[in-house]
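Peer 1: Model the following, please.
(2 chains)
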Amino acid sequence: MSGYGWWIFWIVLIAVVAAVLHFKFPRGSRGRRRLKLAFWALLLLFVGAFLHYTLPQHDIVRVTNTYNRLTTIGENWMFYAAPDVGTAESGETRDIRFIETVRANNKVIVYRNEDTGWVWPPYFKYDSSNLQAEASNLKSSAADPQWVSVTHYGWRLPWLSIYPNAVRAKMVAGPDVRIIPWVNIIILTVLAFLIFMAWRMLAQFRERSIDPMLEDLDEASDAVQDRARGTWGRFTRWLGSWRSPPPR
Amino acid sequence: MIALVRLAVFGFLLLSVIYLLVSVYSRSVRREKLEDRWDENHPDTDDKQARAKFIEAGMRQYERGLRKKLIWLVYVIPMVIFVVTVYLVNYQ
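Peer 2: Modelled structure (predicted):
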């Protein structure tokens, strides 16, 4: 199926599932309340995972190796750079730079080093070559460690063959340096403010535009009903006369 | 390069939509405040014409005021964030 085919398939599937659930669990039922709870929990989980993937994080590591390797990208394309950015010439097989590191607790972590391009995630990174050179310069041995704070986003999931993308490498004094995540603090605060403002705007729109309109509509429909009751009553009586034999 | 142009075009469109929404919201809040102020200061008059006149005068003042100009920050702030991000990520 082509890309559009899949989109249509997913939209139809979601619509059908939503319709089935809507009729299976009527408004006000216990199932409906549980369904709502599950929906919000799922949404929260999804948004949380999304933010955890996208926002920058710092690891304090020791760089052990830097290299590039031909990598084939398949179903995990979503976790690699888009094909049209500078360091990713091909959609399927490309030469990707990697940075191998080890943490203070001797656990290893491997980063990829790709340009992000201009859209998503919005790091606008185009200095991958420079970053690779810096990382190579910071290589050190276990005997004489040089600790490095690597700013990155993304996850390392071996079963999907995905790697976090390194954004910056900076020398730090030791493995226990505390880094305050100012960028995350600012971004999350701004995000909360934006959600609050969107909610305020919606509330204002409802109060000033929708509610008066509904009131008008209500008054109008009341008037219509008053006028129509006579005709409607006669119509339903006429319908009833067809349904069962007239009483004797 | 084409990606950058695309970002500029779509970013401009998105920010324009946000600009429109915010300016409608800001105008609505201003009008509501003017209505409330009139009702507070003239609790027992029912002069609809004077009320409308007061509100229209206040709205004209708003259209010329600083608050309305501040909505241009909807365009300015994301541009500044963009430039700062590019600098911090690529030139440090």
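
Peer 1: mind listing what's buried in stretch A:158-174?
Peer 2: A:162-169, A:172 (16 or more other CB atoms under 10 Å in any protein chain shown). Backbone N, C-alpha and C define where each C-beta goes, glycine included.

Peer 1: and the strand with the most length in chain A, does that touch chain B?
Peer 2: When chain A is parsed with DSSP state E, its longest strand is strand A:57-72. No: if you take CB under 8 Å from any CB of the partner chain as the test, strand A:57-72 misses chain B, and the best it gets is 13.8 Å.

Peer 1: partners of that strand, with directions?
Peer 2: Within its sheet, strand A:57-72 is paired with strand A:93-103 (antiparallel), strand A:148-153 (antiparallel), according to DSSP bridges.

Peer 1: picking that back up, mind picking the two most distant members of the buried residues of stretch A:158-174?
Peer 2: Distances among those were taken as CB to CB; the most separated pair is A:I162 and A:V172, at 26.1 Å.

Peer 1: which secondary structure elements does the one helix or strand A:F205 maps to contact?
Peer 2: Under DSSP states H and E, the secondary-structure element containing A:F205 is helix A:182-205. Here helix A:182-205 touches helix B:2-41, going by 3 or more CB pairs under 8 Å, 6 or more residues apart in numbering or on different chains; DSSP states H and E.

Peer 1: The helix it packs on and chain A, are they touching?
Peer 2: Yes: contact of helix B:2-41 with chain A (CB under 8 Å from any CB) involves B:2-4, B:6-7, B:21-22, B:25, B:28-29, B:31-32.

Peer 1: Those residues of chain A touching chain B, which are they?
Peer 2: A:84-85, A:117-119, A:122-127, A:130, A:167-168, A:200-201, A:204-205, A:208.

Peer 1: Filter these down to the buried ones, ChimeraX style.
Peer 2: This is the ChimeraX syntax for the buried subset of these, where burial follows 16+ other CB under 10 Å:
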select /A:85,117,118,119,122,123,124,125,126,127,167,168,201,204,208
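
Peer 1: From the buried residues of stretch A:158-174, pick the one nearest chain B.
Peer 2: Set against chain B, the nearest of the buried residues of stretch A:158-174 by CB to the nearest CB is A:V167 (5.9 Å).

Peer 1: And the residue nearest in space to the middle of chain A, what's its pLDDT?
Peer 2: Geometric centre of chain A, nearest residue: A:F50, 4.1 Å, by CA atoms, centre = their mean. For A:F50, the pLDDT comes out at 93.

Peer 1: Just confirm it is within a helix.
Peer 2: Yes: assignment of A:F50 by DSSP: H, G, I helix; E, B strand; the rest coil places it within a helix.

Peer 1: winner for burial among the strands paired with strand A:57-72?
Peer 2: Of the strands paired with strand A:57-72, the one with the most neighbours on average (mean count of other CB atoms under 10 Å in any protein chain shown) is strand A:148-153, at a mean of 20.
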